[in-house]
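> Fold the following.
(one chain, ligands or ions: 2)
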Amino acid sequence: MNQAVRETWSPALEADRMVLKELREAVGACMQCGTCTASCPNRHAMDITPRAMWRMIQFGMLDEILASRTFWMCSACYMCTLRCPRGLKLTSAMAALKRLAGIEGGRSARKNQAFYAAFMDDVEAHGRVQETSMMQRYFLKARDPMLPLSYVPLGVRMLGKGKVRMPGRGRGGVLRPLFAKAREMEGLS
Ligand code: SF4
Ligand code: SF4
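Numbers count the residues shown, from 1 in each chain. Ligands and ions are numbered 1, 2, ... in the order given. Just a heads-up that it's a prediction; the model follows:
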């Protein structure tokens, strides 16, 4: 590991240090077998595989990690966590990467974080994503007054094609026990 890489792993903020410590501990025992990557249903949308991401964390390649969209593509399905032969808490590690990006990454990371949170909240509330409701949540969480305007052309096109539906109940609440269990596993409840 070269000196430049080491230096990127020395952030000033205490919050950064805590997240980085958590991440390195979480994936320190990874033996690079690739089971997590092979198990991930969202692998096709990631620019770096989960297996490679753990290696980059071990090497402290912070800039490259934060430039990746891999952790934003993680939908917390827990397949990697369930199948890792080392029993590593990989879904937690992906969540920690999102937190780290939120601390470090500026405006675009905050928007990604808001979108991810809106997506997950909507799935929890309705049992699936309801586009109009999810976008309302996203706009509220992003706290960017100009953001809704940037979606107007897309919204108009979707309306024209009859693709916009008002939020309904769906299977409201059916997934709440699952989310509660996940929070319990993450120590968040
Ligand atoms: S499944 Fe576990 S041990 Fe295998 S590469 Fe992924 S994190 Fe590492
Ligand atoms: S928890 Fe995230 S990284 Fe792991 S398999 Fe599911 S989507 Fe992929």
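> For the residue nearest the centre of the chain, list the residues it contacts.
Closest residue to the average C-alpha location of the chain: Trp72 at 3.7 Å, with Cα atoms, centre = their mean. Contact analysis of Trp72 by Cβ atoms under 8 Å, 6 or more residues apart in numbering lists Lys98, Ala101, Asn112, Phe115, Tyr116. Bear in mind the C-beta positions are built from the backbone N, C-alpha and C, glycine included.
> one more time with 6 Å, if that's ok
Trp72 sits next to Asn112 when contact means Cβ atoms under 6 Å, 6 or more residues apart in numbering.
> residues in contact with the closest residue to Gln32 other than its chain neighbours?
Distances taken as Cβ to Cβ, 6 or more residues apart in numbering place Arg51 nearest to Gln32, at 6.0 Å, with adjacent residues excluded. Residues in contact with Arg51, defined by Cβ under 6 Å, 6+ apart, are Gln32, Gly34, Cys36, Thr37.
> same thing but 10 Å
Shown in contact with Arg51 (Cβ atoms under 10 Å, 6 or more residues apart in numbering): 27, 30-38, 40, 43, 80, 90.
> sec struct for Arg128, please.
coil (DSSP: H, G, I helix; E, B strand; the rest coil).
> let's have the chain start at 19 instead
Let's use 19 as the start, then, which means that last one is Arg146.
> restrict the contacts of Arg69 to those near ligand 1?
Cys48, Met49, Gln50, Cys51, Gly52, Thr53, Cys54, Leu108 (Cβ under 6 Å from any ligand atom).
> Tell me which of the residues you listed fall in helices.
Among those, DSSP state H puts Thr53, Cys54, Leu108 in helices.
> Let me have those residues in TSV, adding neighbour count, distance to Val192 and pLDDT as columns.
Formatted as TSV, those follow (neighbours: other Cβ atoms under 10 Å; distance: Cβ to Cβ, whole Å; pLDDT from 0 to 100):
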residue	neighbour count	distance to Val192	pLDDT
Thr53	18	30	97
Cys54	29	28	97
Leu108	28	26	95
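> circling back: check the gap between the residue nearest to Gln50 and Ala56 for me.
For Arg69, the distance to Ala56 equals 9 Å [Cβ to Cβ, to the nearest Å].
> quick one on the thing from earlier: can you name the two of the contacts of Arg69 that are farthest apart?
Met49 and Arg61 (19.0 Å; Cβ to Cβ).
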